[in-house]
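A.B. asks: Based on what follows, work out the 3D shape:
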Amino acid sequence: MIGPTLARYFFRRYLKITGYFLLGIFSLSLLMDFTENAGRLAGLPGYSPLGALVLSCLRIPFIMQQLFPFVALFAAMATLVSLNRRLELVITRSIGISAWQFLLPVCFGAFLLGLFAVVVVNPVAAWSNAKAQIIIADWRSNSGTLTGKQSANGNRVPWLTQKTDEGITTIGAKMVTDHGHVLIDAAFIRFNEDGTIRDWINVGTAKLENGYWQLGEGALYRSGGAPLTVNAMRIKTQLKPQFIEERLGDPATVPFYELPAKIKIARSFGYSANEFDMYLQSVLALPALLVTMTLIAAAVSLRFVRLGQSGMLILGGIIAGFVLYVVSVLVKAFGNAGYVPPVIAAWAPVLVALFFGISFLLHREDG
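C.D. replies: Coordinates of the predicted model:
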């Protein structure tokens, strides 16, 4: 059995290399996001370089949350390859310690990294991403344009239609906050009785009050006319905030610990809440996914080669990790659409890959 001193050494080595990867990816993501913001938002009235830097800092936790599986994969590969090059794994094997024993500290480190991503990074990412979208909406509120054609997670903006005694109105928003009461970067398209568009209203924020939408500052467009500035305008509605959040809300902007209550409320109103349930299960499965990525890295990094690790073998491990990630995203789409139960869609790819990784290591280590 591996001793506590050696286990702590491997564990600290893994955490150290993981920290280097996190710091490098954080710096690179911050630089890339700041550059993108500078080019995309520089023409807005409220833009400033300092504001763009703050905006990028707010967006980084959300970006990092998506990259944790690859951090776990590359950190495990780098850790095991470095231990092999320094012959430390060879010496460890020579004293009768199996691969399963010295992989335990690395897998435990990956599991802790997953817990950190779920318990710490996820709530911070949800809060900071919401703040970032509010800042962008404030910058755009004076420009009179709706440029939020994508939601916070990169998908197309969803739309819904309401019908009141004022007529039919189609509503879209880049983001929903305050439990379905506030729309960020919203558009209201009002129709005539014959189905033609009467006008199009773009606003930075719209608040759902008792029986009406309270619109913030924005612009109103009519065919053949110049844009008009609007402020404190009201549009009647019969929509409930739970329905608004379920249809327009982005689950990535909700902390994981609030999702069960939101799913329960949405289903009590007869809504499916598949996207929220799918996102919750994906977050809960993240620690297991990072452990699976670690086993994939171990499958291609444990073998000692006198002249160094095989580049093709390492490339194969990277491709395997990437395929697992793509399959997870693909199955997640089926879960969001309701074709597959969210629990199965989130956990099945992870567990299947985990069993394949264990089987491959068993074959390689034990014959």
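
A.B. asks: Torsion angles phi and psi at Asn345?
C.D. replies: Residue 345: Ala, not Asn. With angles defined as degrees, to the nearest 10, Ala345 sits at phi -60, psi -30.

A.B. asks: tell me the contacts of Thr18?
C.D. replies: 71-72, 75, 109, 113 (Cβ atoms under 8 Å, 6 or more residues apart in numbering). Using the backbone N, CA and C atoms, a C-beta is placed for each residue, glycine as well.

A.B. asks: ok, for Phe34, nearest residue in space, not its chain neighbours?
C.D. replies: The spatially closest residue to Phe34, leaving aside those adjacent along the chain, is Ser56, at 4.3 Å (Cβ to Cβ, 6 or more residues apart in numbering).

A.B. asks: Strands of this structure, start to end?
C.D. replies: 159-164, 167-177, 182-191, 197-208, 212-215, 218-221, 228-230, 234-236 (DSSP state E).

A.B. asks: out of the ones you listed, which comes closest to Leu313?
C.D. replies: strand 167-177 (43.5 Å; Cβ to Cβ).

A.B. asks: tell me the mean pLDDT for the closest one?
C.D. replies: Averaging pLDDT along strand 167-177 gives 85.

A.B. asks: Adjacent strands (with direction) for that strand?
C.D. replies: Applying DSSP bridges, strand 167-177 is found paired with strand 159-164 (antiparallel), strand 182-191 (antiparallel).

A.B. asks: chain center to it: distance?
C.D. replies: 23 Å (Cα atoms, centre = their mean, to the nearest Å).

A.B. asks: quick one on the thing from earlier: which one of the contacts of Thr18 is nearest to Leu183?
C.D. replies: When the contacts of Thr18 are compared against Leu183 (criterion: Cβ to Cβ), the nearest one is Val71, at 33.9 Å.

A.B. asks: Can you report how many residues neighbour the closest one?
C.D. replies: 20 (other Cβ atoms under 10 Å).

A.B. asks: just the one 5 residues further on next, same as before
C.D. replies: Using other Cβ under 10 Å as the criterion, Ala76 is surrounded by 30 other residues.

A.B. asks: Next: Ile63.
C.D. replies: 17.

A.B. asks: do the same with the one 10 residues further on
C.D. replies: The number of residues packed around Leu73, counting by other Cβ under 10 Å, is 25.

A.B. asks: Identify the residues contacting it.
C.D. replies: The neighbourhood of Leu73, defined by Cβ under 8 Å, 6+ apart, consists of 293-294, 296-297, 317-318, 321.

A.B. asks: low-scoring pLDDT stretches of the stretch 1-150 of the chain, where are they?
C.D. replies: 1, 140-150 (pLDDT under 70).

A.B. asks: okay, the strands of the chain in JSON lines with distance to Leu362 and mean neighbour count next?
C.D. replies: Below are those laid out as JSON lines (distance: least, Cβ to Cβ, whole Å; neighbours: other Cβ atoms under 10 Å):
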{"stretch": "strand 159-164", "distance to Leu362": "51", "mean neighbour count": "14"}
{"stretch": "strand 167-177", "distance to Leu362": "47", "mean neighbour count": "21"}
{"stretch": "strand 182-191", "distance to Leu362": "51", "mean neighbour count": "23"}
{"stretch": "strand 197-208", "distance to Leu362": "56", "mean neighbour count": "20"}
{"stretch": "strand 212-215", "distance to Leu362": "60", "mean neighbour count": "19"}
{"stretch": "strand 218-221", "distance to Leu362": "62", "mean neighbour count": "21"}
{"stretch": "strand 228-230", "distance to Leu362": "67", "mean neighbour count": "13"}
{"stretch": "strand 234-236", "distance to Leu362": "63", "mean neighbour count": "14"}
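
A.B. asks: wait, which of the ones you listed is closest to Ala117?
C.D. replies: Comparing the strands of the chain by Cβ to Cβ, strand 167-177 comes nearest, at 22.0 Å.

A.B. asks: Tell me what angle that closest one forms with strand 197-208.
C.D. replies: 40 degrees (axes from the mean of the first three to the mean of the last three Cα atoms, to 10 degrees).

A.B. asks: Among the contacts of Leu73, which one has the most neighbours?
C.D. replies: Busiest of the contacts of Leu73 [other Cβ under 10 Å] is Met293, holding 32 neighbours.

A.B. asks: For the contacts of Leu73, which two are the farthest from each other?
C.D. replies: Longest span within those, Cβ to Cβ: Thr294 and Ile318, 13.7 Å.

A.B. asks: any idea how far the closest residue in space to Cys57 that isn't next to it in sequence is from Asn37?
C.D. replies: With sequence-adjacent residues excluded and distances taken as Cβ to Cβ, 6+ apart, Cys57 is closest to Leu30, at 7.0 Å. Noted for Leu30: a distance of 11 Å to Asn37, by Cβ to Cβ, to the nearest Å.

A.B. asks: more crowded one of these two?
C.D. replies: Asn37 (20 against 17).

A.B. asks: For the chain, just list every one of the helices.
C.D. replies: In the chain, the helices defined using DSSP state H lie at 4-41, 49-85, 88-94, 99-116, 122-140, 241-248, 259-268, 274-284, 286-301, 311-337, 342-366.

A.B. asks: Tell me which residues are up against the shortest one.
C.D. replies: In other words, helix 88-94. With Cβ under 8 Å, 6+ apart, helix 88-94 has contacts from 6, 80, 83-84, 99, 102, 302, 304.

A.B. asks: Can you flag the buried ones in those residues?
C.D. replies: Buried members of the contacts of helix 88-94, counted by 16 or more other Cβ atoms under 10 Å: 6, 80, 83-84, 99, 102, 302.
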